[in-house]
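**Q** sequence below, structure please.
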Amino acid sequence: MIDNYSFGKMVIDGQVYTSDLKIVKGSVSSGWWRKSGHSVSVDDVIDILAAKPDTLVLGKGSPGLMKSESALRKSLKANGIELIEQPTSKAVRTFNRLVEQGKDVAAGFHLTC
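**A** Okay, the predicted model is just below:
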């Protein structure tokens, strides 16, 4: 569960993170960099695709500038993985709700713009 999010900072299980991160099978991986900055490609989430969650929640940053590439959306669909893209504050709430419901959910969060 994510305890808190504010611009540039996320707290998960009491641990503070100040760089973009991914959550896969309950494990947090901080320092998530994408090849094209505000664009998420298949290569940026290979570990998530390999984990085969039911849902991928992408937190697109505070104003929602980060976007998924069409090839990623197609790959997720082909693998039966639902994609939810929202500004990070809303994506945090969605992620927590899905975890509370016992769903197999992975996430990628852009913490700033």
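**Q** CA atoms for contacts and neighbours, from now on please.
**A** OK.
**Q** just the element for Asn4, please.
**A** Assigned by DSSP states H and E, Asn4 belongs to strand 2-6.
**Q** what's the answer for Leu76, then?
**A** helix 70-78.
**Q** give the other helices and strands that that helix contacts.
**A** With contacts taken as 3 or more C-alpha pairs under 8 Å, 6 or more residues apart in numbering; DSSP states H and E, helix 70-78 sits against strand 82-86.
**Q** mean confidence (pLDDT) on the strand it packs on, please.
**A** When pLDDT is averaged along strand 82-86, the result is 98.
**Q** for the following helix or strand past it, which outside residues touch it?
**A** Past strand 82-86, further along toward the C-terminus, the next helix or strand under DSSP H and E is helix 88-100. Outside helix 88-100, the residues that touch it by C-alpha atoms under 8 Å, 6 or more residues apart in numbering are 1-2, 5-6, 57-62, 64, 84-85, 104-105, 107, 109-111.
**Q** same thing but 7 Å
**A** Under the criterion C-alpha atoms under 7 Å, 6 or more residues apart in numbering, residues 1-2, 5, 57-62, 105, 109-111 lie in contact with helix 88-100.
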